[in-house]
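K.L.:
Okay, predicted coordinates and the sequence, questions at the end:
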There are 2 protein chains.
Amino acid sequence: MQYPEPIAKLIDSYLKLPGIGEKTATRLAFFTIDMQEEDVTAFAQSLITAKKDLHYCSICGNITESDPCIICADKQRDQTKVIVVEQPKDVMSLERMREYHGLYHVLHGVLSPMEGKGPEDINITGLVRRLQKNSDLTEVIIATNATPEGEATAMYISRLIKPAHIKVTRLAHGLAVGSDIEYADEMTLFKAIEGRQEI
Amino acid sequence: MQYPEPIAKLIDSYLKLPGIGEKTATRLAFFTIDMQEEDVTAFAQSLITAKKDLHYCSICGNITESDPCIICADKQRDQTKVIVVEQPKDVMSLERMREYHGLYHVLHGVLSPMEGKGPEDINITGLVRRLQKNSDLTEVIIATNATPEGEATAMYISRLIKPAHIKVTRLAHGLAVGSDIEYADEMTLFKAIEGRQEI
């Protein structure tokens, strides 16, 4: 005996999500059946709406309802700086800081020879085009993650655009605020010493 | 800056699922936006269909599209035995064995004084009613989980229906087939010795 078809289909749908295996999918499916009907309807609606109404900004690649996105459209923002990030999520994290008022550029990934991802697979040409078109842009701040792939991507972009006499910077590496030296890994400590500043 | 509304709503929807926190919900929401449109539509549809078309069988409490469910409606099945389980999932596991041809009864939970769950909160009265109405039923096999709550529920049901001269049995506890004694926990070993059989 198999599960009734509606639940088998729902399990299959949950299985397509990342990091969700057979057991979790089954648990989620049974949970769904016990949910209030209006919550299930709202869930289904939010899936459809998110897929239908959200697009990538044609300028920066961030997710947005309107095109260009509200950051690219906002002429009050500092038009001389652009922060390059891997994912739309990173834009949100940086915006939460409320201290940066420049522009963003979302790569949607990093260079990864292991996964066969080259420069043409991420949004690098879009960045080069923006720099060529917009002479106000004088600083590119690379904020890819502190992983080997993130570092390699940062180096690649830096070598690509430095010849155009654009200032290229990278976020500082070091100890997280509030963290213990005792628990910091060797690479972080090394970067913290390397980047030490006079006080 | 907050996430655009459609994605914020989708994150909220994922957050309502069990075992999914803020980070996972955000990851799933962004994954959804990158999914094929037809997959998202199918996902939304499967949620609605599962909620709308599935009900609990009015006799045994198992999930079903029709009422009574195909097991209760099948008069070819052995009408003298009923296996009592905690969840609809357990029925599927037992059916997969293909060796049992009797009936089922789904409690939808276990007695749990810690969570304030008493006999009226699980489907015990339904079981008693079935036993009163159907004199063919002569054996109740209790297959609640081997947890303290599962054991307590088994004891409670056993004491409740034994006076009616119905045979009440419990699934055997012992070593799982293919398992190593080395890795078995003390309780399982104790139950395995207690339930030893002559060969």
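P.N.:
On my side now, so go ahead.

K.L.:
so how far is residue A:57 from residue A:70?
P.N.:
According to C-beta to C-beta, to the nearest Å, residue A:70 and residue A:57 sit 9 Å apart. From N, CA and C alone the C-beta is placed, and that goes for glycine too.

K.L.:
Now for those two: what residues contact both?
P.N.:
Both residue A:70 and residue A:57 are in contact with residue A:64, where contact means C-beta atoms under 8 Å, 6 or more residues apart in numbering or on different chains.

K.L.:
Residue A:69: what's its closest spatial neighbour, skipping adjacent residues?
P.N.:
Take residue A:69 and drop its neighbours on the chain: the residue closest to it by C-beta to C-beta, 6 or more residues apart in numbering or on different chains is residue A:57, 3.8 Å away.

K.L.:
for the most centrally placed residue in chain A, what are its contacts?
P.N.:
Among the residues of chain A, the one closest to the centroid is residue A:87, at 1.2 Å (C-alpha atoms, centre = their mean). Residue A:87 is in contact with A:106, A:108, B:30, counting by C-beta under 8 Å, 6+ apart.

K.L.:
Now render those as a markdown table, adding secondary structure and pLDDT.
P.N.:
Below are those laid out as a markdown table (DSSP: H, G, I helix; E, B strand; the rest coil; pLDDT from 0 to 100):
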| residue | secondary structure | pLDDT |
| --- | --- | --- |
| A:106 | strand | 96 |
| A:108 | coil | 93 |
| B:30 | helix | 90 |
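
K.L.:
Most neighbours of all the residues you listed, which one?
P.N.:
residue A:106 (25 neighbours; other C-beta atoms under 10 Å in any protein chain shown).

K.L.:
Return the residues in contact with it.
P.N.:
Contacts of residue A:106 by C-beta under 8 Å, 6+ apart are A:56, A:60, A:61, A:62, A:85, A:86, A:87, A:88, A:90, A:91, A:123.

K.L.:
Contacts for stretch A:50-69, please.
P.N.:
If you take C-beta under 8 Å, 6+ apart as the criterion, stretch A:50-69 is touched by A:70-73, A:88, A:91, A:103-108, A:123, A:126, A:130, B:4-7, B:9-10, B:29-30, B:32-33, B:35, B:37, B:40-41.

K.L.:
The residue nearest to residue A:69 and residue A:135, how far apart?
P.N.:
Distance from residue A:57 to residue A:135, by C-beta to C-beta: 21 Å.

K.L.:
okay but residue A:195 is in contact with residue A:175, surely?
P.N.:
No - using C-beta atoms under 8 Å, residue A:195 makes no contact with residue A:175, being 10.1 Å away.

K.L.:
Chain A - how does it break down into domains?
P.N.:
A:5-53, A:76-170 (the TED database).

K.L.:
Of those, give the one that comes closest to residue B:116.
P.N.:
Of all the domains of chain A, domain A:5-53 sits nearest to residue B:116, with 18.0 Å by C-beta to C-beta.

K.L.:
Span of the closest one from start to end?
P.N.:
Distance between the two ends of domain A:5-53: 30 Å, counting by C-alpha to C-alpha, to the nearest Å.

K.L.:
same check, this time on stretch A:56-67
P.N.:
Counting by C-alpha to C-alpha, you get 8 Å between the two ends of stretch A:56-67.

K.L.:
what pLDDT, on average, does that stretch get?
P.N.:
For stretch A:56-67, mean pLDDT rounds to 92.

K.L.:
now the helices: where do they sit in chain A?
P.N.:
Secondary structure of chain A (DSSP state H): helices at A:5-15, A:22-34, A:37-53, A:70-73, A:88-96, A:124-133, A:148-161, A:186-194.

K.L.:
Please convert these to JSON lines, extending it with distance to residue B:185.
P.N.:
Formatted as JSON lines, the helices of chain A follow (distance: least, C-beta to C-beta, whole Å):
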{"stretch": "helix A:5-15", "distance to residue B:185": "30"}
{"stretch": "helix A:22-34", "distance to residue B:185": "21"}
{"stretch": "helix A:37-53", "distance to residue B:185": "39"}
{"stretch": "helix A:70-73", "distance to residue B:185": "56"}
{"stretch": "helix A:88-96", "distance to residue B:185": "42"}
{"stretch": "helix A:124-133", "distance to residue B:185": "55"}
{"stretch": "helix A:148-161", "distance to residue B:185": "42"}
{"stretch": "helix A:186-194", "distance to residue B:185": "39"}
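
K.L.:
deepest of these, which one?
P.N.:
With neighbours taken as mean count of other C-beta atoms under 10 Å in any protein chain shown, those reach their highest mean count in helix A:5-15, at a mean of 20.

K.L.:
Briefly note if that one comes near chain B.
P.N.:
Yes - Helix A:5-15 is in contact with chain B by C-beta under 8 Å from any C-beta of the partner chain, via A:5, A:6, A:7, A:9, A:10, A:12, A:13.

K.L.:
so who does the first one touch?
P.N.:
This points to residue A:5. Per C-beta under 8 Å, 6+ apart, neighbours of residue A:5: residue B:65.

K.L.:
ok so, going back, more crowded one of residue A:57 and residue A:135?
P.N.:
Using other C-beta under 10 Å as the criterion, residue A:57 and residue A:135 rank with residue A:57 on top: 22 against 7.

K.L.:
Ramachandran angles for the more buried one?
P.N.:
phi -60, psi 130 (degrees, to the nearest 10).

K.L.:
With the one 4 residues further on instead?
P.N.:
In this entry, residue A:61 is assigned phi and psi values of phi 90, psi 0 (degrees, to the nearest 10).

K.L.:
and it, how many neighbours does it have?
P.N.:
23.

K.L.:
and if you look at residue A:139?
P.N.:
Residue A:139 has 14 neighbouring residues, counting by other C-beta under 10 Å.

K.L.:
Would you agree it is in contact with residue A:80?
P.N.:
Yes - between residue A:139 and residue A:80 a contact is recorded at 6.3 Å, counting by C-beta under 8 Å.
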